[in-house]
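K.L.:
model the following, please.
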Amino acid sequence: MTKEFPIFPLNSVLCPKGRLPLQIFEQRYLSMISRCLKSHEGFVIVLIKDGKEASGDCTFFDVGSYARVVDFQQLPNGFLGITAEGECKVSISHAHRQSDGLYVAKVEALGLETPTEIPEQYSELADLLGDLLRHPVIQALGMSVDFQDARDVGWRLVELLPLAMEDKQYLLTLDDPIYRLEQIRYLIHALAE
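P.N.:
Below you'll find the predicted structure:
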């Protein structure tokens with residue numbers, strides 16, 4: 001299934017089942033969120049390759065996450081606060097910028113990863129994730145995590161660890177949950193050196 005969806009380029013990576021709090025203030029994105037809520041459809045969050053979030057003109061990677069708004073509220077600073085939840089990884093093609101500055105593109109859902117039990121040699125990654133999830137800001141997102149599922153553990157670590165954005169993007173594109181854990185462990189050791 002290929003369909004055209006709005007694209008929200010960010011300096012963040014969102015994985016399936018992850019949650020990302022955002023402050024919306026640009027008119028193009030306020031309109032996008034309004035349309036998405038009315039149509040009960042989502043949008044695609046994708047990492048910026050070159051350019052800036054608010055500059056309007058940027059290039060972005062061709063794999064992102066289809067997301068839906070699961071919560072919203074007016075913030076004290078006057079911005080719209082939303083929480084976006086990733087549903088699935090998608091490939092992005094034929095992107096173009098509309099007259100209002102909003103990017104839209106053809107989007108195709110990528111195959112779902114198979115639920116995979118986390119092997120014993122990666123149990124320390126599940127423990128690390130448990131520690132990260134105890135932070136009050138992360139707890140406020142209300143994410144549920146299956147600590148026995150290598151997909152869940154890997155996806156949440158991709159989002160929460162202080163890795164380079166290009167590394168996060170690479171990890172998102174992988175379709176083998178165990179290999180993703182192996183790569184995460186390698187990157188953690190590289191950070192520690």
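K.L.:
CA only for contacts and neighbour counts going forward, please
P.N.:
Noted.
K.L.:
so residue 171 is in which element?
P.N.:
helix 165-173 (DSSP states H and E).
K.L.:
quick one: name whatever helix or strand follows that helix.
P.N.:
helix 177-192.
K.L.:
show me what counts as buried in that following helix.
P.N.:
Under the neighbour-count criterion of 16 or more other CA atoms under 10 Å, helix 177-192 has 177, 178, 180, 181, 183, 184, 185 buried.
K.L.:
what helices or strands is that helix leaning on?
P.N.:
Counting contacts by 3 or more CA pairs under 8 Å, 6 or more residues apart in numbering; DSSP states H and E, helix 177-192 is packed against helix 150-160, helix 165-173.
K.L.:
out of these, deepest packed?
P.N.:
Among the helices and strands packed on helix 177-192, ranked by average contacts under mean count of other CA atoms under 10 Å, first place goes to helix 150-160 (a mean of 24).
K.L.:
burial of residue 59, as a residue count?
P.N.:
Residue 59 has 14 neighbouring residues, counting by other CA atoms under 10 Å.
K.L.:
would you state the helices of this structure in chain order?
P.N.:
27-39, 123-133, 136-139, 150-160, 165-173, 177-192 (DSSP state H).
K.L.:
how far off helix 150-160 does the fifth one point, in degrees?
P.N.:
Read that as helix 165-173. Compare the direction of helix 165-173 with that of helix 150-160 by axes from the mean of the first three to the mean of the last three CA atoms, to 10 degrees and you get 160 degrees.
K.L.:
outside of helix 165-173, which residues touch it?
P.N.:
Outside of helix 165-173, the residues within contact range by CA atoms under 8 Å, 6 or more residues apart in numbering are 11-13, 15, 47, 63-64, 155, 158-159, 180, 183-184.
K.L.:
and what of stretch 14-29?
P.N.:
With CA under 8 Å, 6+ apart as the test, stretch 14-29 has contacts from 8, 30, 45-46, 54, 64-65, 79-89, 100-102, 141, 143, 152, 155-156, 158-159, 172.
K.L.:
which of these are buried?
P.N.:
The neighbour-count criterion (16+ other CA under 10 Å) marks 8, 45-46, 64-65, 80-89, 102, 141, 152, 155-156, 158-159, 172 among the contacts of stretch 14-29 as buried.
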